[in-house]
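Undergrad: For reference, the sequence and a predicted model appear below.
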Protein chains: 2
Amino acid sequence: MARTQGSHSDITGPRIRAAALKLFAKDGYAAVSMRQIAKDVGVQAGALYNYTPDKQTLLYELLRGHMDDLLTVREAEASGTLAPLEALEGFVRFHIGFHVGRPDEVFIAYMELRSLEPENFAQVEKLRRQYEDELEGILQRGLESGDFAIDDAKIATLAVIAMLTGVNTWYRAGGRLSLEQVETIYWNMVKRAVVA
Amino acid sequence: MARTQGSHSDITGPRIRAAALKLFAKDGYAAVSMRQIAKDVGVQAGALYNYTPDKQTLLYELLRGHMDDLLTVREAEASGTLAPLEALEGFVRFHIGFHVGRPDEVFIAYMELRSLEPENFAQVEKLRRQYEDELEGILQRGLESGDFAIDDAKIATLAVIAMLTGVNTWYRAGGRLSLEQVETIYWNMVKRAVVA
DNA sequence: GATTTAACTGAACAAACGTTCAAATCAAAG
DNA sequence: CTTTGATTTGAACGTTTGTTCAGTTAAATC
C-alpha cells in the first residue's frame, strides 16, 4: 500500500489533488480525464492509482476536504455567545472571506455534487446542511428576540447564502474593491434585508 | 436536408430537445451520451443526426432558446415607464416566476455555459448580460432618484439575481408555499435590502 | 555496495464515445 | 401498384475512456 509511511516524496499526492481541483473546476469532473490530470502533474496516468483508488474518490476527497475545512475554520470563530446582529455580521463576513479565497473548491463543491455517487453525495450534503444550520440558527434567534424581521428563517437562510456565494462569480483579488469593501457592501444589504 | 418541409412527423425534433434537456440537467452535458438521448427518445443514436449536426449544437440551441425565451417574455412586460420601486417589484416577481417554471433550462443555462465552445459561449453570455442590464438600469435609476440606497448598482444587481435564482435550489411546485407567497417573501427581502 | 521497497512507466484491456453511412423501412404522391 | 424521398436502422470507424499490471527505475536501509 502506498503512502503508509513517508519515504521518498510526499508532494505527489497534494500535487495530484491540486491538478484535479484546477481541472475539475475549469472543465467539470466528467470532462476531465485521468490522463489530463497526470499530464498536469508530470506523470503517467497509471501513477495516479498509487494515490487514489479511482477517479470518483479523487472528487469525493476534494469536496469532503473542502467541507471539513469550512466547518473547522468556522468553528474557530463560533457565534453562539454573540447577539444575533453581531453573529450575523460575523457569519456574512466569514462566508465571503472564506469562499472568495477558495474559488475552485467552492465552484466544484456545488457544481459537481451531482457527480458524486449516492453515498458520497449524502456525506457531503450532510456537512453542507450543517453549515447552513448555523446561519438558520442565528436568524431564528434574531427572529424570536425581535432583532430581525423576516417572513421565514429557512428561506432567508437560503436566500442569504445564495446571495453571498454569488460573490465568487465576479470577485477577483486585486480588482476595483478590496475584500473588506465587498464584505461591507454585502453586509449592508443583508443587514437591511433582515434586521428589524 | 431533413426537416425542410413538414412531412411525416414533426415531433421527433422537440422530443430530442426535451430528452437532451432533461438528461443534461440531471447528469451534465459531458456525462450524457448521444446513445442515452436516443434511447430516451426511443430511437437509434444515428437518427439524432437528422435533427442536429452534433452534440455541441444540441446544447447551444437549448441554451440559446432559453435565453431568447427569457428576453422575449420579459420584453412583453417592459419596465421603462414605471417608477423604480414598481419596476423593481415587477422584475423580482417576473424573475422568480419565470425561473421557477423552467428548472431544467435554468440549471443547464448556468451549469453548462462552460461546455459551450467559445463562439457559442459568447452568444449566450451576451444575452445573459442583456438581461442583467435591465435590472442594473432599474437600480441605477432608483439610485439617482433617491428611491434606492445601495453602495454599488452593479454589485447589487449580481447580488439580487444570485439571491433570486437561488429559489430554484429548493422550490418545488406543490410545496408548503405558493408561488405568490415565495415571490412576496423574496420581494420583501429585496425591497428592504435596496429601498431607501 | 547489495538488498529492499516504494514509485513510476508504458503497454495493454474492454468498454464507451461521437459520428458516418449503406441499406432497410415507411409514408405519401403519381 | 410504383415511384419517390424522407427517416431510421444497425453496423462500423477511429478515438478516448478508466483501470490494471508486469517490468523498470530510483531512493532508502543495512
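TA: On my side now, so go ahead. Numbering: from 1, shown residues only, chains lettered A, B, ... in the order given.

Undergrad: right, is the helix or strand that residue A:35 is a member of up against chain B?
TA: Taking DSSP states H and E as the definition, one finds residue A:35 inside helix A:34-41. No. Helix A:34-41 is not in contact with chain B by C-beta under 8 Å from any C-beta of the partner chain; minimum separation 12.7 Å. Where you see a C-beta, it was placed from the backbone N, CA and C, and this is true even at glycine.

Undergrad: just checking, residue A:148 touches residue A:139?
TA: Yes. Under the criterion of C-beta atoms under 8 Å, residue A:148 makes contact with residue A:139 at 6.2 Å.

Undergrad: Who has more neighbours out of the two?
TA: residue A:139 (25 against 22; other C-beta atoms under 10 Å in any protein chain shown).

Undergrad: List the residues that contact residue A:165.
TA: Going by C-beta atoms under 8 Å, 6 or more residues apart in numbering or on different chains, residue A:165 touches A:95, A:99, A:106, A:110, B:162.

Undergrad: List buried members of these by neighbour count.
TA: By neighbour count, with 16 or more other C-beta atoms under 10 Å in any protein chain shown, the contacts of residue A:165 hold A:95, A:99, A:106, B:162 as buried.

Undergrad: I'd like the secondary structure assignment at residue A:177, please.
TA: coil (DSSP: H, G, I helix; E, B strand; the rest coil).

Undergrad: buried residues in stretch A:106-117?
TA: Within stretch A:106-117, the residues that qualify as buried are A:106, A:107, A:108, A:109, A:111, A:112, A:114, A:115, A:116, counting by 16+ other C-beta under 10 Å.

Undergrad: Okay, the fifth one and DNA strand C: tell me how far apart.
TA: Here the distance between residue A:111 and DNA strand C works out to 19 Å (C-beta to the nearest atom of the strand, to the nearest Å).

Undergrad: my read: that residue touches residue A:28, true?
TA: Yes. Applying C-beta under 8 Å, one finds residue A:111 in contact with residue A:28, separated by 7.1 Å.

Undergrad: residue ranges with poor pLDDT in chain A?
TA: A:1-9 (pLDDT under 70).

Undergrad: Swap in 90 and give it another go.
TA: Low-confidence segments of chain A, defined by pLDDT under 90: A:1-12, A:77-81, A:196.

Undergrad: Chain B contacts on that one?
TA: A:26-28, A:30-31, A:111, A:114-115, A:149-152, A:155-156, A:158-163, A:165-166, A:169-170, A:177, A:182, A:184-186, A:188-190, A:192-194.

Undergrad: all helices for chain A, in order.
TA: Along chain A, counting by DSSP state H, helices occupy A:12-27, A:34-41, A:55-75, A:84-100, A:103-111, A:118-145, A:153-165, A:179-194.

Undergrad: So residue A:114 is in contact with residue B:24, correct?
TA: No. Residue A:114 is not in contact with residue B:24 according to C-beta under 8 Å; the separation is 11.3 Å.

Undergrad: Single out the most deeply packed of the helices of chain A.
TA: helix A:153-165 (a mean of 22; mean count of other C-beta atoms under 10 Å in any protein chain shown).

Undergrad: chain center to that helix, what's the gap?
TA: In terms of C-alpha atoms, centre = their mean, to the nearest Å, the centre of helix A:153-165 is found 15 Å from the chain centre.

Undergrad: how about it as CSV, C-alpha atoms only?
TA: The C-alpha trace of helix A:153-165 is given here as CSV (Å, rounded to 0.1, in the frame of the first residue of the first chain):
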residue,chain,number,x,y,z
ALA,A,153,-36.0,31.8,8.6
LYS,A,154,-35.3,28.8,6.3
ILE,A,155,-35.9,30.8,3.1
ALA,A,156,-34.0,33.7,4.4
THR,A,157,-31.1,31.3,5.2
LEU,A,158,-31.0,30.0,1.6
ALA,A,159,-31.5,33.5,0.1
VAL,A,160,-28.6,35.0,2.1
ILE,A,161,-26.3,32.1,1.3
ALA,A,162,-27.1,32.2,-2.4
MET,A,163,-26.5,35.9,-2.4
LEU,A,164,-23.2,35.7,-0.6
THR,A,165,-21.9,32.7,-2.6
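
Undergrad: can you tell me the residue of chain A closest to DNA strand C?
TA: Taking C-beta to the nearest atom of the strand, DNA strand C has its nearest neighbour within chain A at residue A:46, 2.5 Å off.

Undergrad: neighbours around that residue, how many?
TA: 10.

Undergrad: can you list the residues of chain A near DNA strand D?
TA: A:7-8, A:32-36, A:45-46, A:49, A:53-56 (C-beta under 7 Å from any atom of the strand).

Undergrad: Outline the domain layout of chain A.
TA: Following automatic domain parsing, one gets these domains for chain A: A:1-52, A:55-194.

Undergrad: Verify the stated contact: residue A:41 with residue A:16.
TA: Yes. Residue A:41 is within contact range of residue A:16, at 5.6 Å (criterion: C-beta under 8 Å).

Undergrad: anything in contact with each of the two?
TA: Shared contacts of residue A:41 and residue A:16, counting by C-beta under 8 Å, 6+ apart, come down to residue A:48.

Undergrad: Please state the offset of stretch A:175-185 from the chain centre?
TA: With C-alpha atoms, centre = their mean, you get 20 Å for stretch A:175-185.

Undergrad: typed the wrong thing, it's stretch A:20-32
TA: 16 Å.

Undergrad: just to revisit the earlier point, so can I have TSV of the buried ones among the contacts of residue A:165 showing distance to residue B:86?
TA: Output for the buried ones among the contacts of residue A:165, formatted as TSV (distance: C-beta to C-beta, whole Å):
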residue	distance to residue B:86
A:95	32
A:99	34
A:106	36
B:162	23
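
Undergrad: that older thread, which secondary structure elements does the helix holding residue A:35 contact?
TA: helix A:12-27 (3 or more C-beta pairs under 8 Å, 6 or more residues apart in numbering or on different chains; DSSP states H and E).

Undergrad: Identify the residues contacting the residue of chain A closest to DNA strand C.
TA: With C-beta under 8 Å, 6+ apart, residue A:46 has no contacts at all.

Undergrad: Roughly how far does the closest residue to residue A:13 other than its chain neighbours sit from chain B?
TA: The shortest distance from residue A:13 to any non-neighbouring residue, by C-beta to C-beta, 6 or more residues apart in numbering or on different chains, is to residue A:51 (4.9 Å). Using C-beta to the nearest C-beta, to the nearest Å, one gets 24 Å for the distance from residue A:51 to chain B.

Undergrad: I appreciate the help and will end here.
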